[in-house]
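*Asks:* sequence plus the predicted model coming up.
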Amino acid sequence: MIWSHRVDADLAVNRLTTTLAALRAEGRSIIDLTLSNPTIAGLEYPRGMLDGLSDARGLVYRPEAFGLLAAREAVAADYGRRGVSVEAGRIVLTASTSEAYSLLFKLLCDPGTDILVPRPSYPLLDHLAHLDAVSTRFYDLEYQRTWSIDLASVERALSTATRAIVVVSPNNPTGSRICRHELERLDALAAEHGAAVIADEVFADYDLAGGGDTASPLRAGSSLVFSLGGLSKSIGLPQAKLAWIAAGGPPALVAEALARLEFAADAYLSVSTPVQEAAAELLRDGSVVREQIQARVAGNYRDLVKSVSDESGCTVLQADGGWYAVLRVPAIASEEDLVLSLLVDDGVLTHPGYFFDFQGGAHLVVSLLSPRAVFREGIARILRHFACTSNGA
């Protein structure tokens, strides 16, 4: 066998994918409540938004391991917009948050060491770690009217092999944000075990519940912290391929981390010059798109909460931010069978909770990015489906 164990995933196509492909081949109309691509979500992008990519400055190649200073200053200013102070010298540009994770795994982990990741959460984290020969261990998010980190599960998962604790805030898909006392405890645990905190904040701009006791991971003081963000979510421009790492923590640790990151980043130089030259302009003009996304996801979330009654047998789990929501539904069948019946019988595509490692019960994950009318119709079909099922119809 010539294949690496880093790419040993089950490559078989699941039932949901094959059923969806067959229905689309038949010409069936499907309401897609898994939409994650903002560029096809009916948003209005400013005319000329990408003009900066054709600027003549992009014809001159000036390789910088961390990225061009002007672009890093633009990212630092964008953190400032959110009330977070970070120096441009502590920012490293990457082509994507996936690449940012990979660089940090190379910086922090040897093969066989591990990182802690939340559960439920986006399955890509496990795949990215595996591609860098890093093991994943889970800590739990628990739900009791609101989401919180099960800090005891973090302590149980920590070991001498742990190199980082990954925090996703807002989490995908739970929408939970890390609160101040959780951050303080994770910061202390990471420092005690010689680990770093990796804070994925790609959805930080999108609020669903009016703020609350949230905290910026970069303000943690004891451990080495890396904050991740990017244009994909912050201005709805995934094709621009620009993301970043911002480093925080004790100055001596940050300085050594940046020196080592410079060596790794210099080996790739993956970020294109045109997007770096246009970064300030993109971040400025992209605010129009961000405002539309915020209005869309907050409006859809309000509609969802209002539409779900006790009689439906469904419950909306509270979310604080991001662009996904979770419905707890009657466990009348396996989650796979539930989403298949919704797709085949009702023409609605949703994610099953097991995609995200939900534990116990039956859950559906829906995107709040869908156009408002489409979203309302999709949710109405879901609620009718479970109302009919619970009535024996």
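*Replies:* Now that the structure is in, tell me what you want to look at.

*Asks:* what residues go with each domain of the protein?
*Replies:* 5-44+287-388, 51-285 (automatic domain parsing).

*Asks:* mind putting those domains into CSV with mean pLDDT and mean neighbour count?
*Replies:* No exception for glycine: its C-beta is placed from N, CA and C like everyone else's. Putting the domains of the chain into CSV (pLDDT from 0 to 100; neighbours: other CB atoms under 10 Å) gives the following:
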stretch, mean pLDDT, mean neighbour count
domain 5-44+287-388, 93, 17
domain 51-285, 95, 19
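
*Asks:* I'd say Arg372 and Tyr301 touch.
*Replies:* No - using CB atoms under 8 Å, Arg372 is not in contact with Tyr301; the gap is 11.1 Å.

*Asks:* tell me, what's touching the two both at once?
*Replies:* Residues touching both Arg372 and Tyr301 by CB atoms under 8 Å, 6 or more residues apart in numbering: none at all.

*Asks:* return the residues in contact with the closest residue to Gly230 other than its chain neighbours.
*Replies:* Ranked by CB to CB, 6 or more residues apart in numbering and with sequence neighbours excluded, the top spatial neighbour of Gly230 is Ala243, at 3.1 Å. Taking CB under 8 Å, 6+ apart, we find Ala243 in contact with Leu93, Thr94, Ala95, Ser96, Thr97, Glu99, Ala100, Leu228, Gly229, Gly230, Leu231, Ser232.

*Asks:* tell me the contacts of the third one?
*Replies:* Translated: Ala95. Counting by CB under 8 Å, 6+ apart, the residues that Ala95 touches are Lys241, Leu242, Ala243, Ser270, Val271, Ser272.

*Asks:* any chance of those in JSON lines, with secondary structure and distance to Leu23 too?
*Replies:* Formatted as JSON lines, those follow (DSSP: H, G, I helix; E, B strand; the rest coil; distance: CB to CB, whole Å):
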{"residue": "Lys241", "secondary structure": "coil", "distance to Leu23": "32"}
{"residue": "Leu242", "secondary structure": "coil", "distance to Leu23": "36"}
{"residue": "Ala243", "secondary structure": "strand", "distance to Leu23": "34"}
{"residue": "Ser270", "secondary structure": "coil", "distance to Leu23": "38"}
{"residue": "Val271", "secondary structure": "coil", "distance to Leu23": "39"}
{"residue": "Ser272", "secondary structure": "coil", "distance to Leu23": "38"}
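
*Asks:* which pair in the residues you listed spans the largest distance?
*Replies:* For these, the farthest-apart pair by CB to CB is Ala243 and Ser272; their separation is 12.5 Å.

*Asks:* elements contacting the longest strand seen in the chain?
*Replies:* Longest strand in the chain, counting residues (DSSP state E): strand 135-144. Counting contacts by 3 or more CB pairs under 8 Å, 6 or more residues apart in numbering; DSSP states H and E, strand 135-144 is packed against strand 114-119, helix 124-131, strand 146-149, helix 151-157.

*Asks:* my read: Leu383 touches Asp303, true?
*Replies:* No - the criterion here is CB under 8 Å, and Leu383 misses it with Asp303 at 11.8 Å.

*Asks:* distance check, the nearest residue to Pro123 once chain neighbours are set aside against Val326.
*Replies:* Nearest non-adjacent residue to Pro123, counting by CB to CB, 6+ apart: Phe355, 6.2 Å away. Going from Phe355 to Val326 by CB to CB, to the nearest Å gives 12 Å.

*Asks:* cool, and Ala74?
*Replies:* Ala74 is 34 Å from Val326, by CB to CB.

*Asks:* try Ala298
*Replies:* 16 Å.

*Asks:* mind giving me the packing neighbours of the helix or strand encompassing Leu186?
*Replies:* For Leu186, the enclosing helix or strand under DSSP states H and E is helix 180-192. Secondary structure elements in contact with helix 180-192, counted by 3+ CB pairs under 8 Å, 6+ apart, are strand 146-149, helix 151-157, strand 162-168, strand 196-200.

*Asks:* let's see that with 7 Å instead.
*Replies:* helix 151-157, strand 162-168, strand 196-200 (3 or more CB pairs under 7 Å, 6 or more residues apart in numbering; DSSP states H and E).

*Asks:* all good on my end, thank you.
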